[in-house]
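Trainee: sequence and computational prediction follow.
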Amino acid sequence: MAIATARISALEEPPVRTVRRGAALWAVIRRKPLGLTSAAVLVLFVLTAVFADVLAPYDPLATQPEIRLSPPSQSHLFGTDDIGRDVLSRVVHGSRISLWVGLLAVGIGTVAGMIIGLLCGYCEGRLDLLVQRLMDAIQAIPGLILALAIVSVLKPSTTNAMLAIAIVIIPGNSRIVRGAVLSAKQNRYVEAALAIGCRHPRIITSHILPNVTAPILIIASIWFGNAILIEATLSFLGLGTQPPTPSWGLMLSSTGRAFMEQAPWLAIFPGLAISLAVLGFNLFGDTLRDAWDPKLRRQG
Amino acid sequence: MYKYVIRRLLFALPVLLLSSLIVFGLMRVMPGDALVALMGESGNVGQRELAKLRKDLGLDRPYHEQYLIWVWQMVSLNPGDSIFTNEPIAVALKKSIPVTLELATLAMVLGLVIAIPIGVLSATRQDTPSDYVGRVVAVSGLSLPDFWLGTLVITFAAIWFHWIPPIGYVTFWESPWRNLQQFLLPAAVLGFRLSAATMRMTRSTLLEVLREDYVRTAWAKGLEGRIVVYKHALKNALIPVVTIVGGQMATLLAGAVVVETIFALPGMGRLTVEAILFRDYPVVQTNVMLVAATLVTLNLLVDLTYAWLDPRIRYG
């Protein structure tokens, strides 16, 4: 009995793995300039969103019609829009919407995809076959078009855009997790855990799950950028965040396009913010992959 | 090969059927129904007219009947009428499909023209400044929103060159020059986005192939660098690129939604966005289903091409 307990505890040592992963990531971030840059961009993005109230020089909704469409100046670094709102303050507050959408959409999509992938990969059989075909069917519709269709049904809003993005994320995530589970199941320690009478939920949570966290985190990081991009696109098309809430996509759509020749700063700054955030997440995803995926590490 | 084709076809059919169920189900999740939502917004339609409209559109039938009718309409290429314009959807599609097709083809060509040379340059000069520039261009392509890029292109073309794309769509056969003027910028914007993944794939597969023994032999024989890279290595490196290009059809069709809206091109993308904005659900469900069917078919074709190019696949 004592031996069995010792074996079980020997099988359950995920903290060591986590520390190693952290160290591997830090090593890649220090070694690769793009890794460091992406990490810096992400920290900047998160801090801007969290401290938006402190960082924004003006109220993002306060209008001053007398200074409408002012070009960038010392008092308004990014200029003002068609009703005299400070563009910098709106860009700073817009980061909150993007971070919020990214966090919730990717969070919901990742957790749901993970549960489906874990169950399908672990149970296999008919359930797996059926669910995988369903995932194929969802993936047959391009993400943005599916999100558009969902939002059209639910009515345009930030929350519904978030939900739509989460649904778009689920199939891809479930497939990656399923693949990782199928490969983790082949390990001897899973067989050993089964042999000593571990119950399935325990095997899934203690022995399989730690093996799938790396691919989940890599894909979540890349999806975070995509979620920001889809939300911005939905808002740009008038199907995401609704006025007057400052959202980067909406800023480009409403005033950005109408006054683009007269006031190009209205289109330039929100677009730069979206691009920088998405670029940061894409590069950070690459960095995570370099650090945690040995197969790709060799290729450099 | 025949067995492989039949097996892939058998996989594609249930996927299409499930996709149609998802699209149909989605359109029925709407609280109340599409008509109530649509008419409720205009606010001046009585219950009797509503009931009549519902009957005319077949919305009073049970769901399974509505679904079967819709599938039959799709299969017989007669997907009903738009609620908003009353125009047959087939007529609207006949006008819009060639626009999207032209945009997609041009974007694909431009994307490949940008991607493959830069990918080759990146791989053959790994870890040099030109490689870094190539990689940054690739990641930028994935990160710059196409609606932003489109907006900037229009803005700066107008500010710097006092040039705006001609308004009013003209087919290629009516006026090739005017048509190209309308399509070149949107196709470049879309192509730039497409090129990113192809560029990355070309770089990484070429890097792998360049380390193969037969390439080393080619070098050892004293062949010219250009011949080793383009004739020996690139040919094999491009096989996985076919899959990437095929997989990008989704990006292309989704990108068309945004680019067509910005550049005012009357394609399928713009038709879909307008239908969504006006909650014209028959058009939305037809277009979404058409996109899904196109993608499933294209993916099937890509898989078959891939199996044809690399015989190991079909026996795998």
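Mentor: Arrived safely, thanks for sending. Here the structure is a predicted model, which is why all the values come from computation and not from measurement.
Trainee: isn't B:Leu103 right up against B:Arg270?
Mentor: No. Between B:Leu103 and B:Arg270 there is no contact, the gap being 10.6 Å when judged by C-beta atoms under 8 Å. (C-beta placed from N, C-alpha, C; glycine too.)
Trainee: list the residues that contact both of those two?
Mentor: Taking C-beta atoms under 8 Å, 6 or more residues apart in numbering or on different chains as the contact definition, B:Leu103 and B:Arg270 share the neighbouring residues B:Glu260.
Trainee: quick check: residues of the stretch 51-200 of chain B near chain A?
Mentor: Applying the criterion C-beta under 8 Å from any C-beta of the partner chain, the portion of the stretch 51-200 of chain B that neighbours chain A consists of B:126-127, B:139-140, B:142-145, B:147-148, B:151-152, B:154-156, B:158-159.
Trainee: buried among those residues? Need that as a selection in ChimeraX.
Mentor: Of those, the buried ones go into a single ChimeraX selection, burial set by 16 or more other C-beta atoms under 10 Å in any protein chain shown:
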select /B:139,140,142,143,144,145,147,148,151,152,154,155
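Trainee: next step: the residues of the stretch 51-200 of chain B next to chain A restricted to helices.
Mentor: B:139-140, B:142-143, B:147-148, B:151-152, B:154-156, B:158-159 (DSSP state H).
Trainee: which pair of the residues you listed spans the longest distance?
Mentor: For those, with distances taken as C-beta to C-beta, the pair at the greatest spread is B:Val139 and B:Ala158 (28.4 Å).
Trainee: low-confidence stretches in the chain?
Mentor: Assuming you mean chain A. Flagging of chain A using pLDDT under 70 yields the residue ranges A:1-20, A:254, A:256, A:293-300.
Trainee: the intended chain is chain B.
Mentor: Of all residues in chain B, those with pLDDT under 70 make up the ranges B:30-45, B:310-316.
Trainee: quick one on the thing from earlier: neighbour count for B:Leu103 and B:Arg270, which is higher?
Mentor: In terms of neighbours (other C-beta atoms under 10 Å in any protein chain shown), B:Leu103 is the more surrounded of B:Leu103 and B:Arg270; the figures are 26 against 22.
Trainee: interface residues of the stretch 201-316 of chain B facing chain A?
Mentor: Taking C-beta under 8 Å from any C-beta as the measure of proximity, the stretch 201-316 of chain B contacts chain A at B:204, B:207-208, B:250-251, B:253-254, B:257-258, B:261-262, B:272-273, B:276-277, B:279, B:281, B:284, B:288, B:291-292, B:295-296.
Trainee: of these, buried ones?
Mentor: Under a neighbour-count criterion of 16+ other C-beta under 10 Å, the subset of those counted as buried comprises B:204, B:207-208, B:250-251, B:253-254, B:257-258, B:261-262, B:272-273, B:276, B:279, B:281, B:284, B:288, B:291-292, B:295-296.
Trainee: gap between A:Val151 and A:Thr233?
Mentor: Between A:Val151 and A:Thr233 the computed distance is 11 Å (C-beta to C-beta, to the nearest Å).
Trainee: next one: B:Phe147
Mentor: Separation of B:Phe147 from A:Thr233 (C-beta to C-beta) stands at 6 Å.
Trainee: show me what the helix ranked longest in chain A is packed up against.
Mentor: Once chain A is assigned using DSSP H, the helix that runs over the most residues is helix A:87-123. Contacts defined by 3 or more C-beta pairs under 8 Å, 6 or more residues apart in numbering or on different chains; DSSP states H and E place helix A:87-123 against helix A:33-50, helix A:52-55, helix A:125-139, helix A:158-184, helix A:209-236, helix A:248-251, helix A:265-292.
Trainee: got the buried residues for that helix?
Mentor: Judged by neighbour count (16+ other C-beta under 10 Å), helix A:87-123 contains these buried residues: A:87-99, A:101-102, A:104-110, A:112-114, A:116-122.
Trainee: what's the angle from it to helix A:158-184?
Mentor: Between helix A:87-123 and helix A:158-184, the angle formed by their directions is 40 degrees, by axes from the mean of the first three to the mean of the last three C-alpha atoms, to 10 degrees.
Trainee: from the chain's centre, how far out does helix A:87-123 sit?
Mentor: For helix A:87-123, the gap between its own C-alpha mean and the chain's C-alpha mean amounts to 5 Å (C-alpha atoms, centre = their mean, to the nearest Å).
Trainee: ok, stretch A:182-196 next?
Mentor: Going by C-alpha atoms, centre = their mean, the spacing between the C-alpha centre of stretch A:182-196 and its chain's C-alpha centre is 31 Å.
Trainee: same question, stretch B:133-150
Mentor: Put simply, stretch B:133-150 sits 17 Å off its chain's centre (C-alpha atoms, centre = their mean).
Trainee: try stretch B:243-263
Mentor: Computed by C-alpha atoms, centre = their mean, the separation of stretch B:243-263 from the middle of its chain amounts to 4 Å.
Trainee: most tightly surrounded among the helices and strands packed on helix A:87-123?
Mentor: Among the helices and strands packed on helix A:87-123, the stretch with the highest mean neighbour count (mean count of other C-beta atoms under 10 Å in any protein chain shown) is helix A:248-251, at a mean of 30.
Trainee: and it, what does it pack onto?
Mentor: Applying 3+ C-beta pairs under 8 Å, 6+ apart, we find helix A:248-251 packed against helix A:87-123, helix A:209-236, helix A:265-292.
Trainee: hmm, back to that, now do the shared contacts for A:Val151 and A:Thr233.
Mentor: Listed contacts common to A:Val151 and A:Thr233 are A:Gly240; contacts here mean C-beta under 8 Å, 6+ apart.
Trainee: nearest residue to the middle of the chain?
Mentor: Assuming you mean chain A. Using C-alpha atoms, centre = their mean, the residue of chain A that lies closest to the mean C-alpha position is A:Phe224, 1.7 Å off.
Trainee: wrong chain, I was asking about chain B
Mentor: Judging by C-alpha atoms, centre = their mean, chain B has its centre closest to B:Leu253, at 2.3 Å.
Trainee: so which helix or strand takes in that one?
Mentor: In this structure, B:Leu253 is located in helix B:249-262 according to DSSP states H and E.
Trainee: got the angle for that helix vs helix A:209-236?
Mentor: Between the axes of helix B:249-262 and helix A:209-236, defined by the same axes, to 10 degrees, the angle is 20 degrees.
Trainee: put the alpha carbons of stretch A:275-290 into PDB.
Mentor: In PDB, the C-alpha atoms belonging to stretch A:275-290 read as follows (Å, rounded to 0.1, in the frame of the first residue of the first chain):
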ATOM      1  CA  SER A 275      -1.900  45.900 -34.900                       C
ATOM      2  CA  LEU A 276       0.600  46.300 -32.000                       C
ATOM      3  CA  ALA A 277      -1.600  44.200 -29.600                       C
ATOM      4  CA  VAL A 278      -2.200  41.500 -32.200                       C
ATOM      5  CA  LEU A 279       1.500  41.500 -33.200                       C
ATOM      6  CA  GLY A 280       2.500  41.200 -29.600                       C
ATOM      7  CA  PHE A 281       0.300  38.100 -29.000                       C
ATOM      8  CA  ASN A 282       1.300  36.500 -32.300                       C
ATOM      9  CA  LEU A 283       5.000  36.900 -31.500                       C
ATOM     10  CA  PHE A 284       4.500  35.800 -27.900                       C
ATOM     11  CA  GLY A 285       2.700  32.700 -29.200                       C
ATOM     12  CA  ASP A 286       5.800  32.000 -31.400                       C
ATOM     13  CA  THR A 287       8.000  32.500 -28.300                       C
ATOM     14  CA  LEU A 288       6.000  30.100 -26.200                       C
ATOM     15  CA  ARG A 289       6.200  27.600 -29.000                       C
ATOM     16  CA  ASP A 290       9.900  28.000 -29.300                       C
END
